[in-house]
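Visitor: Any chance you can model this:
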Amino acid sequence: MTTPVESHRYDLELKGITKRFDDFVAVKNLSLSVERGQFVCLLGPSGCGKTTTLRVIAGLEEPEQGEVWIGGVRVDDMPPWERDFAMMFQDFALFPHMTVRKQIGFGLEMMKRPKAEIQRRVDETLATFEISEMGDRKPDTLSGGEKQRVALARALITQPGILLLDEPIGSLDFSLRESVMLELKDVQRRLGITFIWVTHDQNEAFSLGDTVVVMNHAQIEQSGPPETIAERPRTRFVADFIQGNNVFEGTVAAIEGGHARIQTASGIFAVPVDPSQAPAPGAAVTFSIRADILTSQPTDGHVNRLTATCRAVEYLGAIRRYDLVLEDGRSVKLEQFRSTGTRINEGEKVTLGWRVEDGVLHTPPAGAPA
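Guide: Numbers count the residues shown, from 1 in each chain. Got it, this is the predicted structure:
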């Protein structure tokens, strides 16, 4: 087995990975580099290739092409047990005949660690996940949430170079999910282990991830910090998929310096554009504006404006979310803190506005005319 270079920058590199199942392309030419100690969330709808990517990293699926590198060592020709990772499965995969204490320490036993070390580390891990009182119980006596904690504890105790997690907290109730997420983030930071976390839950991805990788149709649509994914969606798919974006489509009427004037069914709006990459006049484009950036009290700086009628109001704790209907029948969302802004009532007509710099022009799909 090749010895990794200590100074290697990346814990994980995927280079041009493609995986097919008969005629179905599950992952297509996917490349991803993960720096040491990063918490990376693979986010996307069902069937987009998230779990297949995870299984390729683990060696549970063999790619048709591409390379997998872990810690500077190419591993795509190695069996799973020779790769420096642990994996947390959706179905827990606990051993039915073992007590909680026994199965948490199982990995250390396989590594032939001294008994005293195993006992100490098992005790520490039980305490970390607040399951010390369950040490002598077996899986059939545990709730779903308790099984989840045991499985996570078992995966983490060996301190692998990478921990792969496939929707590991999906079965937990909301309050327990919140606490487990905080625990996991803390453990990940303290141990410095790279986490690759698969989820379809945006709140999970944005709360946990240093990097969020949005996948669609077997490819990466966009990757970056959570703030960038949420606030600067690169493509229409990302803008539609991520909650809180209002998406408009239209054609480019003109390019004027640093912005494009876009003709839509709701009017003409100015959107920032890089002059060196500006679409041609007449090109079909889409852009988005965040629901929390829209205002129902526009000032002179809010040059983009439209008229809408409030159809419904949702109360989300400190936030009110308004569903408004435009004159062309399309819906837009407006979000505001309850302590700011003037309340809008159902049936009320309002003028919405936003600044030029707050709009985001999307990259057209591959093959679309410029």
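Visitor: Now tell me what touches the least confident helix or strand in the chain by mean pLDDT from outside.
Guide: The weakest-scoring helix or strand in the chain, judged by mean pLDDT, DSSP states H and E, is helix 174-191 (a mean of 78). The contact list for helix 174-191 (Cβ atoms under 8 Å, 6 or more residues apart in numbering) reads 39, 128-129, 145, 148-149, 152, 156, 159, 163, 169, 172, 195, 204, 207-208. Bear in mind the C-beta positions are built from the backbone N, C-alpha and C, glycine included.
Visitor: List the buried residues for it?
Guide: Buried residues in helix 174-191, counted by 16 or more other Cβ atoms under 10 Å: L176, R177, V180, M181, L184, K185, V187, Q188.
Visitor: about what we covered before: what about the contacts of helix 174-191, which are in strands?
Guide: Cross-referencing those against strands under DSSP state E gives F39, L163, F195.
Visitor: Could you check how many residues crowd around the second one?
Guide: Other residues near L163 number 25, with proximity taken as other Cβ atoms under 10 Å.
Visitor: sec struct for Q336, please.
Guide: strand (DSSP: H, G, I helix; E, B strand; the rest coil).
Visitor: ok, and the closest non-adjacent residue to it?
Guide: R320 (5.7 Å; Cβ to Cβ, 6 or more residues apart in numbering).
Visitor: any idea how far the one you found is from N304?
Guide: 22 Å (Cβ to Cβ, to the nearest Å).
Visitor: Looking at these two, which is more packed in?
Guide: Neighbour count, other Cβ under 10 Å: between R320 and N304, N304 has more, with 21 against 18.
Visitor: mind checking how far the more buried one is from D358?
Guide: Using Cβ to Cβ, N304 is found at 8 Å from D358.
Visitor: With respect to I57, which of the ones in strands among the contacts of helix 174-191 is nearest?
Guide: Set against I57, the nearest of the ones in strands among the contacts of helix 174-191 by Cβ to Cβ is L163 (10.9 Å).
Visitor: Show me what that closest one bridges to in the sheet.
Guide: A86, F195 (DSSP bridges).
Visitor: show me the contacts for it.
Guide: Neighbour list for L163: F85, A86, M87, M88, A155, L156, Q188, I193, T194, F195, I196 [criterion: Cβ under 8 Å, 6+ apart].
Visitor: E124: neighbour count?
Guide: Count around E124 with other Cβ under 10 Å applied: 12.
Visitor: oh sorry, the question was meant for G66
Guide: Based on other Cβ under 10 Å, the number of other residues close to G66 is 17.
Visitor: Ok, R343 next?
Guide: Residues near R343, counting by other Cβ under 10 Å, number 12.
Visitor: so it sits in a helix?
Guide: No: counting by three-state DSSP, R343 is not found in a helix; it is coil.
Visitor: in which helix or strand would I find the closest residue to it other than its chain neighbours?
Guide: Once flanking residues are discounted, R343 sits nearest to R320: 7.3 Å by Cβ to Cβ, 6+ apart. Secondary structure assignment for R320, by DSSP states H and E: strand 319-326.
Visitor: Any buried residues in stretch 320-333, and which?
Guide: R320, R321, Y322, D323, L324, L326, R330, V332, K333.
Visitor: Output the below-cut-off pLDDT ranges for the protein.
Guide: Within the chain, the segments meeting pLDDT under 70 span 1-7, 90, 171, 339, 341, 365-370.
Visitor: Give me the domain ranges for it.
Guide: 10-231, 236-361 (automatic domain parsing).
Visitor: okay, these, which one's buried deepest?
Guide: domain 10-231 (a mean of 18; mean count of other Cβ atoms under 10 Å).
Visitor: Show the end-to-end separation of that domain, please.
Guide: End-to-end distance of domain 10-231 (Cα to Cα, to the nearest Å): 27 Å.
Visitor: what do you get for stretch 213-222?
Guide: Stretch 213-222: ends 6 Å apart by Cα to Cα.
Visitor: ok, residues contacting that stretch?
Guide: By Cβ under 8 Å, 6+ apart, the residues outside stretch 213-222 that reach it are 25-32, 40-45, 48-50, 53, 223, 229, 233-235, 237-238, 241-242.
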